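>>> Mind looking at a prediction? Sequence and model below.
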Amino acid sequence: MNDTTRVFMPLRSNAAWFGDENCRGRLERQIKTYLVLYDLIVFENGRYNITAGVDGQGMQMMCPGDSFPGDRSKIRFFTPGNEFGIDFGGKQVLRSTCQSAYEIDYLPIVRDAGIEYATCIRWSDDDINAEIKTAIEKRVSNDLSGKFYHDALPDNNYLRRYILEGLYRDSLMAHFLNSPFSVDYHVAPVIALQQRKVREQWNAEIPVAFFNFWINLNLPDFTELSWDALCEFRESDAGVSFRHMIHRISKRVKDILPNLADQSDVDHWLAQEFNKELLAELSRRIKTPGRTLASVCMNVIPFGFIPSMIKDVKAFDDDQISWVSVVRGYKSNG
């Protein structure tokens, strides 16, 4: 059985991260977070362009990575208000004024980070067939005929259709890859409405929610490391142990997802499961006479966490093998 943990980063459902240069830092942090949390990141390969006009018209183009005719090292950013269009056979087919436009390609970030050929990176050129695409288009038309998604989608009719079609397509791709997947802030509200329908994405958010919980305890934020130091950490014994710990917790929380109402419930159970992991380490390592597991348990309140447990963990011998060694803070050898 292959127990490698992975996350899929599709192009369409992450378009908004490519809206302007200011978004790049947020996207880099997201990629770094996944490098900490997962054994493998699967990037959809290629360059995808989408332009939405103010009148609800628009156009899209997908160019596979191995056939892109230009320079993939740079990303263009577009200014709303510019005119765009398509002429076919000397006849104007489309003409509109740009409201939103995105050029989406992970390669520039991954290449600049120096991890394009890292063992933790895979590039996917897979796609869905025409029959499935047609079925998705019909489902989206049906979904948009009602008001269920009205408040969760942008006002632009072209973007509304694009977001839903991309989400359904990417969720299927993630299913085929047996992987959770990443989305941007345009798609996330739709996911919130479909927590029970698109379980792959909800599952992807559990490890991320745990990482946010970890940071809120003032524990090391590995996304602040350089790319080289981050890759060094994720390949270390402690980094592997850290991922295993996160996915043990995530699996236990996923098992009770049908009984959870919202994100606060998820956070509540993440805290409880993290307590169990800490207690397991404490019980295994405490050897001082008079310092028993029973006394440690007095520091734990129901469904909560007391910082004094962190003090106990920080007092452990720093073996640099277990995930608990990074509670002290991670120091690169570089």
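Yep, it's here.
>>> Name the nearest residue to N14, sequence neighbours excluded.
Closest residue to N14 apart from its sequence neighbours, by CB to CB, 6 or more residues apart in numbering: D184 at 4.9 Å. Yep, even glycine has a C-beta here, placed from its N, CA and C like the rest.
>>> go on, A15?
Spatial nearest neighbour of A15, chain neighbours left out: Y102 (4.3 Å); criterion: CB to CB, 6+ apart.
>>> Mind telling me what element that neighbour is part of?
For Y102, the element it lies in under DSSP states H and E is strand 91-104.
>>> Check the offset of that strand from the chain's centre.
A distance of 29 Å separates the centroid of the chain from that of strand 91-104, by CA atoms, centre = their mean, to the nearest Å.
>>> go on, stretch 163-177?
Taking CA atoms, centre = their mean, one finds the center of stretch 163-177 at 14 Å from the center of the full chain.
>>> Next: stretch 217-231.
Mean-position distance between stretch 217-231 and its chain equals 16 Å (CA atoms, centre = their mean).
>>> Could you report the separation of the spatially closest residue to T4 that is not a sequence neighbour from S13?
Nearest residue to T4, sequence neighbours excluded (CB to CB, 6+ apart): D39, at 4.7 Å. Using CB to CB, to the nearest Å, D39 is found at 22 Å from S13.
>>> the more surrounded of the two?
Of the pair D39 and S13, S13 is the one with more neighbours under other CB atoms under 10 Å, namely 30 against 17.
>>> In this structure the more buried one contacts V187, no?
Yes - if you go by CB atoms under 8 Å, S13 and V187 touch, sitting 4.9 Å apart.
>>> Beyond the strand holding Y102, next helix or strand please.
Following strand 91-104 toward the C-terminus (DSSP H and E): helix 107-113.
>>> Packing partners of the helix or strand that that following helix is followed by?
Next helix or strand after helix 107-113 toward the C-terminus (DSSP H and E): strand 121-124. For strand 121-124, the contact count by 3 or more CB pairs under 8 Å, 6 or more residues apart in numbering; DSSP states H and E identifies strand 40-44 as packing neighbours.
>>> tell me what the strand it packs on is packed against?
Judged by 3+ CB pairs under 8 Å, 6+ apart, strand 40-44 is in contact with strand 6-9, helix 24-37, strand 121-124.
>>> still on that earlier bit, now for the residue nearest to N14, how many residues are close by?
D184: 22 neighbours (other CB under 10 Å).
>>> ok, it - contacts?
S13, N14, A15, A16, W17 (CB atoms under 8 Å, 6 or more residues apart in numbering).
>>> Please indicate which of these has the highest neighbour count?
Neighbour max across the contacts of D184 (other CB under 10 Å) = S13, 30 neighbours.
>>> just the helices in the stretch 51-200 of the chain please.
Assigned by DSSP state H, counting those that start in this stretch, the stretch 51-200 of the chain shows helices spanning 107-113, 130-144, 157-176, 188-193, 199-216.
>>> any idea which of the ones you listed is most buried?
helix 157-176 (a mean of 21; mean count of other CB atoms under 10 Å).
>>> and that one, how far from the chain's centre?
Its chain's C-alpha centre and that of helix 157-176 lie 16 Å apart, by CA atoms, centre = their mean.
>>> With stretch 229-248 instead?
Relative to its chain's centre, stretch 229-248 lies at 17 Å (CA atoms, centre = their mean).
>>> start to end distance for it?
25 Å (CA to CA, to the nearest Å).
>>> quick one: contacts of that stretch?
So stretch 229-248 is contacted by 5, 32, 35-39, 115, 118, 120, 207, 210-211, 222-223, 225, 277, 320-323, 325-326, 330, 332-334 (CB under 8 Å, 6+ apart).
>>> Next, the buried residues of that stretch.
For stretch 229-248, the neighbour count (16 or more other CB atoms under 10 Å) marks 229-234, 236, 238-239, 241-243, 245-247 as buried.
>>> got any ranges where the protein has weak pLDDT?
Residues of the chain meeting the criterion pLDDT under 70: 1-2, 194-204, 257-264, 282-320, 327-334.
>>> how does it look with 50?
1, 196-202, 288-307 (pLDDT under 50).
>>> Show me what counts as buried in stretch 9-26.
With burial defined by 16+ other CB under 10 Å, the residues of stretch 9-26 counted as buried are 9-19, 23-24.
>>> from these, which is closest to G81?
Nearest to G81 among these: G19, at 14.7 Å, using CB to CB.
>>> For the closest residue to the closest one other than its chain neighbours, list the residues it contacts.
Spatial nearest neighbour of G19, excluding adjacent residues (CB to CB, 6+ apart): Y102 at 6.2 Å. Listed by CB under 8 Å, 6+ apart, the contact set of Y102 reads A15, A16, F18, G19, Y48, N49, I50, T51, F78.
>>> which non-adjacent residue is nearest the second one?
The one in question is A16. Excluding the flanking residues, the one nearest A16 by CB to CB, 6+ apart is D184, at 3.8 Å.
>>> now F148
Going by CB to CB, 6+ apart, F148 has L193 as its nearest residue, at 7.0 Å.
>>> List the buried residues of whichever helix in the chain runs longest.
Taking DSSP state H as the criterion, the chain has its longest helix at helix 263-285. Buried residues in helix 263-285, defined by neighbour count with 16+ other CB under 10 Å: 266-267, 269-275, 277-279, 281-282, 285.
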